[in-house]
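K.L.:
Give the three-dimensional model of this entry:
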Amino acid sequence: MGNRRVLILTGRADRHSDVMVSKLGSMSCEPIRLNAEDLQECAEFRMELRDGTWSGGLALTNSRRFIHAGETLSIWFRRPFYYEFPADLQHYERRFVAAEREQALQTLYSSFQCYWMSAPEALRSASWKGEQLARAARMGFAVPETLVTTDPGQVDAFYAKHRGQVIVKSMAGAGAMAGRLGPDPVPAPAVRLATRMLTPDDLRRLDSVKVAPCQFQEYVPKDYEVRATVVGADVFAAEIHSQDDERTRVDFRDFTADVVYKATVLPDDVRERCVEFVRSYGLEYGAVDLIRHPDGRFVFLEVNPTGKFMFVEQRVPELRITDAVADRLAHGGSAHG
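P.N.:
Predicted structure coming up:
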């Protein structure tokens, strides 16, 4: 293994990266953490193209490290969420600077001989929730009947068809409020865009769907939910007994509820389909959410290509997801083939 360098692209407030830096350090690796917010003050691009090859790289002035163009390393594209900028830049100037930073970073990335978990182009292709559902159905998963619309009449009809058993669910998630442009002059409120049941009161305010496309799905009954974390060819599956508490019956992500999590082994066909689905995007990692229907089917909800896993591991310590991610980064993906 040697003293392999592992570049972690993330943000300052990322507990997963804190733990991974420590873990990789204990494995005789050299973890290099790059927070997107630090690019302005703590990183200098120094790249030059000669005879078709990039030289130089990125100097990290806060750690006195240098990331060389063309070097061999592993990269964990964790969650580089937003940039910071000089305070006097206007919003349109920030957009321009952000775009130029992306160009420079992609130039540097393209020079590496590296193992990605996962490559930016793979992450982007896996980010479209509607496409995920269609792909999952083609690959043999059961999926909920889904409506994406800005037409109030369609919502009414969908609600009637499913006898009021309909959920409303964000496609982009709360992260879309932050974007990549840094703090807004008027900060967005701290909100959790929970999946919830559509109510009769919502039907009286359906004109609001004209503002932005909204996603509605048939409500799928649950025995329990499953978070299947795919790392390479390995699947770490946890049952989440969300139906044991009113707060988690529709959306298990209310962590104030103390519901049971336990390790499980998925049926072979479901486990293999999860791996195949994640790999179909070129991903090395994916957090797959499933519902176990009372009739025994496993229903696909979505995959998050940079989904959190520590909340699962903390509740089910035998699912050693941190070790699996670190192992692949330390070995350049070759540990498990």
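K.L.:
Quick check, Pro86 in contact with Glu41.
P.N.:
No: counting by C-beta atoms under 8 Å, Pro86 does not reach Glu41; the two are 9.7 Å apart. Backbone N, C-alpha and C define where each C-beta goes, glycine included.
K.L.:
Buried ones in whichever strand or helix holds Ala99, by neighbour count?
P.N.:
Using DSSP states H and E, Ala99 sits within helix 91-111. The neighbour-count check on helix 91-111 (16 or more other C-beta atoms under 10 Å) flags 94, 97-98, 101, 105, 108-109, 111 as buried.
K.L.:
now stretch 5-20
P.N.:
For stretch 5-20, by 16+ other C-beta under 10 Å, it's 5-11, 14, 16-17, 20.
K.L.:
from the residues you listed, which is closest to Leu319?
P.N.:
Of all the buried residues of stretch 5-20, His16 has the smallest distance to Leu319: 14.6 Å, by C-beta to C-beta.
K.L.:
who touches the closest one in this structure?
P.N.:
Neighbouring residues of His16 by C-beta atoms under 8 Å, 6 or more residues apart in numbering: 10, 78-79, 308-310.
K.L.:
and with 7 Å instead?
P.N.:
Shown in contact with His16 (C-beta atoms under 7 Å, 6 or more residues apart in numbering): 78, 308, 310.
K.L.:
Can you verify Trp76 is assigned to a strand?
P.N.:
Yes: under DSSP: H, G, I helix; E, B strand; the rest coil, Trp76 falls within a strand.
K.L.:
Distance-wise, check it relative to Ser63.
P.N.:
Per C-beta to C-beta, to the nearest Å, Trp76 is found 17 Å from Ser63.
K.L.:
next one: Val265
P.N.:
Relative to Ser63, Val265 is positioned 42 Å away (C-beta to C-beta).
K.L.:
So which of these two has more stuff around it?
P.N.:
Neighbour comparison, Val265 and Ser63: the larger count goes to Ser63, with 13 against 9 (by other C-beta atoms under 10 Å).
K.L.:
Could I get the pLDDT score of the residue of the chain most remote from its centre?
P.N.:
Computed with C-alpha atoms, centre = their mean, the residue of the chain farthest from its C-alpha average is Asp51, at 37.8 Å. We have a pLDDT of 97 for Asp51.
K.L.:
repeat for Leu193
P.N.:
Here the pLDDT value assigned to Leu193 is 74.
K.L.:
From Pro305, how far out is the closest residue to it other than its chain neighbours?
P.N.:
Spatial nearest neighbour of Leu193, chain neighbours left out: Ser170 (4.3 Å); criterion: C-beta to C-beta, 6 or more residues apart in numbering. Using C-beta to C-beta, Ser170 is found at 17 Å from Pro305.
K.L.:
of these two, who's got more company?
P.N.:
Pro305 (23 against 15).
K.L.:
tell me the contacts of the more buried one?
P.N.:
Shown in contact with Pro305 (C-beta under 7 Å, 6+ apart): 118, 123, 126-127, 283, 285-286.
K.L.:
Give me the neighbour count for Phe158.
P.N.:
Neighbour count for Phe158, taken as other C-beta under 10 Å: 18.
K.L.:
And the nearest residue to it once chain neighbours are set aside, what's its pLDDT?
P.N.:
The spatially closest residue to Phe158, leaving aside those adjacent along the chain, is Leu147, at 4.7 Å (C-beta to C-beta, 6+ apart). With respect to pLDDT, Leu147 has a value of 98.
K.L.:
what does Asn3 give?
P.N.:
80.
K.L.:
next one: Gly179
P.N.:
Note for Gly179: predicted pLDDT of 57.
K.L.:
same check, this time on Gln90
P.N.:
pLDDT at Gln90 comes out at 94.
K.L.:
And stretch 229-246, end to end?
P.N.:
By C-alpha to C-alpha, to the nearest Å, the extent of stretch 229-246 from end to end equals 25 Å.
K.L.:
so how far is Ser118 from the residue nearest the centre of the chain?
P.N.:
What sits nearest the mean C-alpha location of the chain, by C-alpha atoms, centre = their mean, is Thr306, with 2.6 Å. Separation of Thr306 from Ser118 (C-beta to C-beta) stands at 8 Å.
K.L.:
Could you do Gly25 as well?
P.N.:
Gly25 is 22 Å from Ser118, by C-beta to C-beta.
K.L.:
more neighbours, the two?
P.N.:
Shown here are Gly25 and Ser118; by other C-beta under 10 Å, Ser118 has more neighbours (21 against 12).
K.L.:
ok now do that one, which residues does it touch?
P.N.:
Counting by C-beta under 7 Å, 6+ apart, Ser118 makes contact with 77, 282-285, 305.
K.L.:
Cross-check the contact I'm expecting between Val312 and Glu239.
P.N.:
No: between Val312 and Glu239 there is no contact under C-beta atoms under 7 Å: 10.5 Å.
K.L.:
related to what we said a few turns ago, want to throw the contacts of Pro305 into TSV with secondary structure?
P.N.:
Putting the contacts of Pro305 into TSV (three-state DSSP) gives the following:
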residue	secondary structure
Ser118	coil
Leu123	helix
Ala126	coil
Ser127	coil
Leu283	coil
Tyr285	strand
Gly286	strand
